[in-house]
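just the structure for this:
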Amino acid sequence: MFKKVIFLLSTTAAYVALQGATAQDASFVGWAYSEAAGKAFIEREVDEIDDVSVELIGFPWNQMVQNMILRHRSGESTEAIQIQERWMPMLVGLGALQDLNEIYGADALAATVDPGLLAMGQFDGKQYALPWTAGSIALVANGAVLETAGISEAPATMDDFRAALEKIKEAVPDSVPFGLSTANPNLIQVESQIIFWQFGARFFEDGNVSIDTPEAREALEFIVGLVDDGLVAKGNDRNATRALYAQNLVGFYFDPPVARGIARKQSGQGEAFDVNVYPVPTPSTGNGEPPRSVIWAHLLGIMSTGSPDLDAGKKVVGHFALNAETQVAYWNELGLFPTTKEALAQIKTDNYVTDWIELAGTARLDEPASFENSAELRKIIGEEIEAAMLGAKSANDAISAMAKRLEKAM
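As a prediction, this is how the structure comes out:
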């Protein structure tokens, strides 16, 4: 059921300066509203704004692209929509997004949000979305599990990493030492590419397919070896892994900064569980590649499809993406990094933030994201990696098939 809610205008001077006249009705579509962790927060924020009647619509993350395309094709107006940075080229290619510089003013946005973060929502020189939260998908360790296994420091190399996973398996037999996704091609692609990068492999170079290399085969063979030896579980995705992590049954896994907030809730321990949750550099293979992670951002935009109420969209998007008070509250509840200058200044003493920001300094953009058919490319990569993980293909055959399928899709 869609929920009608009433929004109340919020407070900070920078945010208020970016608001327009009283708006009327809006729809807010996003995956955060389909998830228990984010839904409660969004509904509470709904009670803090008036003058805008909002229809909250939630779709699971892996159904968002399909539903955004359907809304666009059917001409449904959407005043606020949650977007991941990797979907931007596709949506811009469809002509589905408003230029927010025209709605808020480029100077006003730059005064509120750091230009580097604003760039995550830019394409071809236009500001099609605003960052709601930003960071990277990086390797997260569980301090309690590592302590049980006698591991006192983060593994520096892939050999050290494998040895650490073996120690975890021995010390906690029922555990999943490394919670790498082995189900859901989209998650498999996003997470596994970090390991491919550490081995020096790239899926695309200069717009061309470049994955058919010895480095790619070595990376996939490493991953398959972990699965074969029970150090990575078959059939798990990130959501299942998060639940196990909160039970101290996962040593390492890939996640955005939301990891801590989710662990607080799922462990039932709240902030007391924080001591177990910390990001660590992805181990090296000795080839000079720095610790990689994937640039990760949740963006908010206003669709240009149909006849959106721009005043309403401006208020809804602004309340979540430009209001420091709302962003700090989101950080406190879910551990999602804020993006406004004012909000970041309020949390800069948190080591979790500073450590993660340091790791994000060597993060790379998700490789398929720069192509308009990114969803198709991501699915191909994920399917072939999954086939190798589950033993349906050898690593060599999976890489060869991946390269051929990507070439055809390009």
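
where do the helices sit along the stretch 301-410 of the chain?
310-321, 324-334, 341-346, 351-360, 374-389, 395-409 (DSSP state H, counting those that start in this stretch).

out of those, which one sits most buried?
With neighbours taken as mean count of other CB atoms under 10 Å, the helices of the stretch 301-410 of the chain reach their highest mean count in helix 310-321, at a mean of 25. Bear in mind the C-beta positions are built from the backbone N, C-alpha and C, glycine included.

what's the closest of the helices of the stretch 301-410 of the chain to residue 268?
Residue 268 lies closest to helix 324-334 among the helices of the stretch 301-410 of the chain, at 15.4 Å (CB to CB).

and the contacts of that closest one?
The contact list for helix 324-334 (CB atoms under 8 Å, 6 or more residues apart in numbering) reads 10-12, 14-15, 37-38, 41, 45, 48, 133, 258, 261-262, 319-321, 336-340, 342-343, 346-347.

now do the phi/psi pair for the residue nearest to the spatial centre of the chain.
Centroid-nearest residue in the chain, with CA atoms, centre = their mean: residue 296, separated by 4.4 Å. Torsion angles at residue 296 (phi, psi; degrees, to the nearest 10) stand at phi -140, psi 130.

got the contact list for it?
Counted by CB under 8 Å, 6+ apart, residue 296 has contacts 84-85, 134-137, 256, 363.

any idea how far residue 161 is from residue 285?
10 Å (CB to CB, to the nearest Å).

got it, and residue 279?
For residue 279 relative to residue 161 (CB to CB), the value is 15 Å.

coming back round to it: by neighbour count, which of the contacts of residue 296 wins?
residue 135 (27 neighbours; other CB atoms under 10 Å).

checking that residue next. Helix, strand or coil?
strand (DSSP: H, G, I helix; E, B strand; the rest coil).

also the one 10 residues further on?
Assigned by three-state DSSP, the conformation of residue 145 is helix.

what's the pLDDT at the nearest residue to it once chain neighbours are set aside?
Take residue 145 and drop its neighbours on the chain: the residue closest to it by CB to CB, 6 or more residues apart in numbering is residue 251, 4.6 Å away. According to the prediction, residue 251 has pLDDT 98.

over to the one 3 residues further on?
Per-residue confidence at residue 254 stands at 97 (pLDDT).

give me the beta-bridge partners of it?
Using DSSP bridges, the beta-bridge partners of residue 254 come out as residue 139.

on contacts alone, who are the packing partners of the host helix or strand of residue 108?
Following DSSP states H and E, one finds residue 108 within helix 106-112. If you count contacts as 3 or more CB pairs under 8 Å, 6 or more residues apart in numbering; DSSP states H and E, helix 106-112 packs onto helix 13-17.

all helices of the stretch 101-250 of the chain, in order?
106-112, 115-118, 143-148, 158-171, 185-198, 214-228, 238-245.

which other residues reach the fourth one?
When contacts are defined by CB under 8 Å, 6+ apart, helix 158-171 is touched by residues 145-146, 148-151, 155, 175, 177-178, 198, 222, 225-226, 229-231, 251-252, 283-285.

cool, the second one as well?
Contact partners of helix 115-118, identified using CB under 8 Å, 6+ apart, comprise 109-110, 127, 130-131, 134, 297, 339.

again, but for the longest one
By CB under 8 Å, 6+ apart, the surrounding residues in contact with helix 214-228 are 158, 162, 165, 178, 180, 182, 192, 195-196, 198-201, 232, 234, 385, 388-391, 395-396, 398-399.

could you flag which of the residues you listed are buried?
Among the contacts of helix 214-228, those scoring as buried are 158, 162, 165, 178, 180, 182, 192, 195-196, 198-201, 232, 385, 388-389, 395, 398-399 (criterion: 16 or more other CB atoms under 10 Å).

determine which of the helices of the stretch 301-410 of the chain approaches residue 67 most closely.
Using CB to CB, the helices of the stretch 301-410 of the chain put helix 374-389 closest to residue 67, at 12.3 Å.

so what's the gap between the closest one and the chain middle?
18 Å (CA atoms, centre = their mean, to the nearest Å).

summarise which helices and strands it is packed against.
Helix 374-389 packs on helix 88-93, helix 185-198, helix 214-228, helix 395-409, going by 3+ CB pairs under 8 Å, 6+ apart.

quick check: which of those is nearest to residue 305?
Of the helices and strands packed on helix 374-389, the one closest to residue 305 (CB to CB) turns out to be helix 88-93, at 10.1 Å.

and the contacts of the closest one?
With CB under 8 Å, 6+ apart, helix 88-93 has contacts from 65, 68, 72, 83, 97, 121, 123-124, 126, 128-129, 299, 301, 369-375.

of these, just the buried ones, ChimeraX syntax please.
The following ChimeraX line selects those of the contacts of helix 88-93 that are buried, judged by 16+ other CB under 10 Å:
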select :65,68,72,83,97,121,123,126,128,129,299,301,369,371,374,375
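
among the contacts of helix 88-93, which are in strands?
When DSSP state E defines the strands, the subset of the contacts of helix 88-93 inside them is 83, 123, 126, 299, 301.

looking at the residues you listed, spot the one nearest residue 141.
The closest of these, once distances to residue 141 are taken by CB to CB, is residue 299, at 28.0 Å.

how close does the closest one get to residue 199?
From residue 299 to residue 199 the distance is 30 Å (CB to CB).

what's the neighbour count on residue 99?
By other CB under 10 Å, the residues close to residue 99 number 19.

quick one: residues contacting the closest residue in space to it that isn't next to it in sequence.
By the measure of CB to CB, 6+ apart, the closest residue to residue 99 outside its immediate chain neighbours is residue 126, 4.5 Å from it. Residues near residue 126 by CB under 8 Å, 6+ apart: 92, 99, 101.

between the residues you listed, which sits nearest residue 240?
Nearest member of the contacts of residue 126 to residue 240, counting by CB to CB, is residue 92, at 33.3 Å.

distance of the closest one relative to residue 30?
From residue 92 to residue 30 the distance is 18 Å (CB to CB).

residue 168 now?
Residue 168 is 35 Å from residue 30, by CB to CB.

ok, now residue 52?
16 Å.

go on, residue 136?
From residue 136 to residue 30 the distance is 20 Å (CB to CB).

please apply the same query to residue 246.
In terms of CB to CB, residue 246 sits 24 Å off from residue 30.

please apply the same query to residue 299.
10 Å.

ok, residue 237 next?
Residue 237 is 20 Å from residue 30, by CB to CB.
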